[in-house]
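1. Provide a 3D model corresponding to the input given below.
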Amino acid sequence: MSQTPTPHIAAKAGDFAKTVLMPGDPLRAKYIAETFLEDATLVNNVRGVQGYTGMYKGKRVSVMASGMGMPSIGIYSYELFHFYDVDNIIRIGTAGAMHADLKIRDVVLGMGACTDSRFAAQYQLSGTFAPIASFELLSKAVAAVEAMGNVDYKVGNLLSSDVFYNDNAQATAAWQKMGVLAVEMEAAALYMNAARCGKNALAICTISDSLVTGEVTTSEERQSSFSDMVKIALEIA
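-> The predicted structure follows:
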C-alpha cells in the first residue's frame, strides 16, 4: 500500500526508520532528536507535528509527535504503519498515577490499555477487544529497565481515556478497583492499530501527576526532564 506523503505527514518513503518513538508533544520530539540522536534530520513538520530520523548507538531511529488523544495518535500511527513501512511504534508519554505505590517520575510499562473510547467499534467485533502491547517490545523494555538498575517501574494496565475533565467523580475509583495503574489518552488506539496492521507497539509512560496524592509537575518538566522512558525506548528500538 502506497500513499506518501499523506494528508498529515510530508515525509517521503524511506524517511522513517523501522522504529518510531512517539511522544505526545512536538517540542518533546524536538528535544529527544537534539539530545539523544546523532545526525537528526527533520522529515515532517506538517501542522507543527515534528518528526526526525537520526542514529542512536549505530541504530537508525525516528521520533515524531502524536498529539493528544486517541483520534490524533490513531491517525499518525495508522499512516506510519500503513504508508511508511514502520514496524514498531513506542509511545513515550506522561500518565497520571491511579495506584498508591506509584510516585512522580516512576515509569509504567503498559502491558494492556483499558479504555472508555469507542475506537474499537470500527472493527465490528462481536465482543470486547483487549488492547495489549507487543510482548517482544515489552520483554525487551523490562530487560532494559532492569539493566538500568535505578528506575522505579511497574508493568500493568493503563487506562486510555477520551476525557481529561471527567464529569463523573466516581470514574477514577471504579478503574482503581480493577487494578489499573495510571491514566493517559493514547495507548489503546495505538495498540489497536498495531494489532490490525500486524505490527508492534508499546507505551512507556512517566508519572507526571498523581490522582492519589494530588502531586503535579510543570509543563516544562514534562517536556524535557523525563529522560528514563526515552532511554528505555531508545535501547529497545
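2. my read: R47 touches I9, true?
-> No: between R47 and I9 no contact is recorded; they are 9.8 Å apart, counting by C-beta atoms under 8 Å. (Each C-beta comes from the backbone N, C-alpha and C, glycine too.)
3. of those two, who's got more company?
-> Neighbours were tallied for R47 and for I9 using other C-beta atoms under 10 Å; the higher tally belongs to I9 (25 against 12).
4. residue contacts, the nearest residue to that one once chain neighbours are set aside?
-> Spatial nearest neighbour of I9, excluding adjacent residues (C-beta to C-beta, 6 or more residues apart in numbering): N44 at 5.1 Å. Contacts for N44 (C-beta atoms under 8 Å, 6 or more residues apart in numbering) come out as 9-11, 15, 50-51, 64.
5. so of those, which ones are in strands?
-> Assignment to strands by DSSP state E places the following of these there: 51, 64.
6. residue boundaries of the helices in the protein?
-> For the chain, applying DSSP state H gives helices covering 26-36, 70-83, 135-148, 171-177, 187-197, 219-224, 227-236.
7. what's the closest of those to V108?
-> Shortest separation from V108 across the helices of the chain is recorded for helix 227-236, at 9.0 Å, computed as C-beta to C-beta.
8. what angle separates the closest one from helix 26-36?
-> 60 degrees (axes from the mean of the first three to the mean of the last three C-alpha atoms, to 10 degrees).
9. run through this protein and note the low-pLDDT ranges.
-> Applying pLDDT under 70 to the chain flags residues 1-2, 219-225.
10. centroid residue for it?
-> For the chain, the residue sitting closest to the mean C-alpha position, by C-alpha atoms, centre = their mean, is R91 at 1.8 Å.
11. neighbours around the closest residue to that residue other than its chain neighbours, how many?
-> With sequence-adjacent residues excluded and distances taken as C-beta to C-beta, 6+ apart, R91 is closest to A203, at 4.2 Å. By the other C-beta under 10 Å criterion, the neighbourhood of A203 contains 33 residues.
12. who's in contact with A203?
-> Counted by C-beta under 8 Å, 6+ apart, A203 has contacts 90-91, 93, 109-110, 113, 133, 158, 184, 186-187, 190-191.
13. give me the buried entries from these.
-> Restricting the contacts of A203 to buried positions leaves 90-91, 93, 109-110, 113, 133, 158, 184, 186-187, 190-191, with burial counted as 16 or more other C-beta atoms under 10 Å.
14. okay, and the beta partners of the residue nearest to I9?
-> Using DSSP bridges, the bridge partners assigned to N44 are G51.
15. dump the contacts of N44 into JSON lines; add distance to G149 as well.
-> Putting the contacts of N44 into JSON lines (distance: C-beta to C-beta, whole Å) gives the following:
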{"residue": "I9", "distance to G149": "37"}
{"residue": "A10", "distance to G149": "41"}
{"residue": "A11", "distance to G149": "37"}
{"residue": "D15", "distance to G149": "36"}
{"residue": "Q50", "distance to G149": "32"}
{"residue": "G51", "distance to G149": "32"}
{"residue": "M64", "distance to G149": "30"}
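16. farthest pair in the contacts of N44?
-> Pairwise distances among the contacts of N44 were taken by C-beta to C-beta; the largest, 12.9 Å, belongs to D15 and Q50.
17. OK, contacts around the residue nearest to A144 when sequence neighbours are not counted?
-> Of all residues not flanking A144 in the chain, E235 sits nearest, at 4.3 Å (C-beta to C-beta, 6+ apart). Under the criterion of C-beta under 8 Å, 6+ apart, the contact partners of E235 comprise 140, 144, 147.
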